[in-house]
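A.B. asks: any chance you can model this:
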Amino acid sequence: MSQEALFYIPLIDGSVQCTLCPHLCVLKEGKTGVCRVRTNTDGKLMTEVYGYVSSFNLDPIEKKPFYHFHPGSLILSIGTYGCNLRCFFCQKCTISQTAANPELPRTYFTPEQIVDKALNQPGNIGIAFTYNEPVVWFEYMYEIAKLAKKAGLVTVMVTNGYINKEPLKALLEYIDAFSIDLKAFSEDFYSKVTTSKLEPVKETLKQIRNAGKHIEIVNLLIPGLNDDENTFASMVRWIRDEIGKETVLHISRYFPNYKMVTEATPVSLIRTAKRIAEKELDYVYTGNIYAESNETRCKKCNNLLISRYLYTTNIVGLDNTGKCNACGNYFLKKP
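C.D. replies: Numbers count the residues shown, from 1 in each chain. Below is the predicted model:
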């Protein structure tokens, strides 16, 4: 469904400038932005994916991934089409690196219908905006999130963080937690491999932190592109200093997809990065490694709090308030 977008400026020649993300696309009549789903139609910026759901599933929240936010819970997850980045290695290219083509598989749901479905899913705690990049379907996400919060549901956003400050400010009122892809710590990488910039993502992380929202960061480690140990260590130190030592970092294993044929990241490289990160951050986990242990222990007494196997989570060392049952020092948000 086509609907007028938020966050744009009409220009005197009939063009429009989108102000949703740092690309700040200027679009002449009939042209579409980098995201492939926001178009200038008769001098108005229109979102072409409002209400069109490409992916819909009840997922473990750990799959997003969130390890320190309502662990062991299920969350209704939805996505549409499009993305404002052009990552060569995109792991979800069939829905993110495509336009709003009516021939693609999709089902129309109003925001009210999505919230109603969320409320009627057994064991569900809320709604996750995920799969493709939620920033590019801002309007749909925003309306759903407002309704979800009124209904007492949890809301989370899985995003590349490439969004301007004013749209993010609007979202912060209704989104409880953010999983942010910090793809590298190099402007050169962001420019050449994702067609974007690093600095706006760093600003997004700081804005979310300042709002007091829960953040978990994901870094997809790709051999030869963002695996330099010194650069990685600089990223980890920045996270420690700017976002907080307690920030959860997921180091995820890359597999070839979309336009990139580089072999999958060696597990040894992931483990080396984990050792580097653990020198600066309290909670570091690995992803996309079969049967890898990702347990959580109390930082004060080393009591086992949460054990995990793939997406199976067992909370073994927390009391009913989410504190360590051995020393009372640790807290996790729970349903």
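A.B. asks: list phi and psi for Leu249.
C.D. replies: Backbone geometry at Leu249, expressed as degrees, to the nearest 10, gives phi -120, psi 130.
A.B. asks: now swap in the one 4 residues further on and tell me
C.D. replies: Dihedral angles phi and psi of Arg253 (degrees, to the nearest 10) take the values phi -80, psi 130.
A.B. asks: count the neighbours of the closest residue to it other than its chain neighbours for me.
C.D. replies: If you skip the residues right next to it in sequence, Arg253 has Asn288 as its closest partner in space, 3.7 Å away by C-beta to C-beta, 6 or more residues apart in numbering. (C-beta placed from N, C-alpha, C; glycine too.) Summarising burial for Asn288: neighbours were counted as other C-beta atoms under 10 Å, giving 19.
A.B. asks: check contacts around Asn288.
C.D. replies: Asn288 is in contact with 252-255, counting by C-beta atoms under 8 Å, 6 or more residues apart in numbering.
A.B. asks: below-threshold pLDDT in the stretch 201-335 of the chain: ranges please.
C.D. replies: Along the stretch 201-335 of the chain, the model assigns pLDDT under 70 to residues 291, 333-335.
A.B. asks: what segments of it are strands?
C.D. replies: Taking DSSP state E, counting those that start in this stretch, the strands of the stretch 201-335 of the chain run over residues 214-221, 248-253, 283-287, 296-297, 304-309, 312-315.
A.B. asks: columns neighbour count and distance to Phe89 on top of the contacts of Asn288, output as JSON lines?
C.D. replies: Supplementary listing: these in JSON lines, determined by neighbours: other C-beta atoms under 10 Å; distance: C-beta to C-beta, whole Å:
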{"residue": "Ser252", "neighbour count": "20", "distance to Phe89": "11"}
{"residue": "Arg253", "neighbour count": "19", "distance to Phe89": "12"}
{"residue": "Tyr254", "neighbour count": "22", "distance to Phe89": "6"}
{"residue": "Phe255", "neighbour count": "15", "distance to Phe89": "9"}
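A.B. asks: would you convert those residues into a markdown table that also reports distance to Thr19?
C.D. replies: Written out in a markdown table, the entries for these read as follows (distance: C-beta to C-beta, whole Å):
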| residue | distance to Thr19 |
| --- | --- |
| Ser252 | 31 |
| Arg253 | 36 |
| Tyr254 | 32 |
| Phe255 | 35 |
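A.B. asks: show me the contacts for the nearest residue to Asp319 once chain neighbours are set aside.
C.D. replies: Using C-beta to C-beta, 6+ apart and skipping residues adjacent in sequence, the residue nearest Asp319 is Asn325, 4.6 Å away. Counting by C-beta under 8 Å, 6+ apart, Asn325 makes contact with 303, 317-319.
A.B. asks: coming back round to it: looking at the strands of the stretch 201-335 of the chain, spot the one closest to Thr47.
C.D. replies: Nearest to Thr47 among those is strand 214-221; the distance by C-beta to C-beta comes to 25.8 Å.
A.B. asks: which residues of the stretch 151-300 of the chain fall in helices?
C.D. replies: For the stretch 151-300 of the chain, the helices defined by DSSP state H, counting those that start in this stretch occupy 165-172, 187-189, 199-210, 229-238, 267-278.
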